[in-house]
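In: Structure here, sequence nowhere to be found:
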């Protein structure tokens, strides 16, 4: 199946990102650096796509940090900040009872489960309501990816980026959970490959 190019932007930094806290499906706001990263992502998209960028679909996760990143990058592109759609399938992976904790705190408070996660990061599901594995997120986003019939700009999350990599065949289930997902950059999926721009 030939897929249209996908331009994926992870939301800008939040204070919880800076502290290394698991945000999951908690709504957290961009910090000052995060707002600057949103504008930087817009500038990178302009360099990549040039004219006609305003005619493409823009889709974001419903979370505050992704919506504000989308609005910031659209402003940097000279577009109506509100001219995008929301898709709940793009919300971040749920970390359940671990949300709000750092990995150090998780390892200290829940050593058996954190070791189980280390053995299989792709399939492991944390404890608590709303928790998901990366495998579950990949199944959640796959129908959205399959519906994209032209180049699309997506703003979502690090966990979603890892699921998209596997769903599009550009990373293995062993590799994807360990990859760094950059903020303020554009992850380009095109012709069966992925690259940072």
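Out: Received, thanks. Quick caveat, the model's predicted, so the values are computed rather than measured.
In: List the buried residues in the lengthiest helix in the chain.
Out: The longest helix of the chain (DSSP state H) is helix 32-49. By 16 or more other CB atoms under 10 Å, the buried positions in helix 32-49 come out as 33-42, 44-45, 49. C-beta: built from backbone N, CA, C; applies to glycine.
In: what about stretch 14-21, average pLDDT?
Out: The average pLDDT for stretch 14-21 rounds to 97.
In: repeat for stretch 175-185
Out: Taken as a whole, stretch 175-185 carries a mean pLDDT of 96.
In: Report the buried residues of that stretch.
Out: Buried positions in stretch 175-185, judged by neighbour count with 16+ other CB under 10 Å: 176, 177, 181, 183, 184, 185.
In: any idea of the pLDDT on the nearest residue to residue 88 once chain neighbours are set aside?
Out: Excluding its sequence neighbours, the residue lying closest to residue 88 (CB to CB, 6 or more residues apart in numbering) is residue 62, at 5.5 Å. As predicted, residue 62 sits at a pLDDT of 98.
In: next one: residue 56
Out: 97.
In: ok, now how distant is the residue sitting furthest away from the middle of the chain from residue 135?
Out: Relative to the centre of the chain, the most outlying C-alpha is that of residue 112, 27.5 Å out, by CA atoms, centre = their mean. To residue 135, residue 112 is 20 Å away according to CB to CB, to the nearest Å.
In: Can you list the low-confidence ranges for this protein?
Out: For the chain, the stretches with pLDDT under 70 are 1.
In: for it, what spans make up the strands?
Out: With DSSP state E as the criterion, the chain has strands at 6-10, 58-60, 85-86, 152-156, 187-190, 193-196.
In: Distance-wise, check the residue most central in space within the chain relative to residue 78.
Out: The residue lying closest to the centre of the chain (CA atoms, centre = their mean) is residue 157, at 2.0 Å. Going from residue 157 to residue 78 by CB to CB gives 26 Å.
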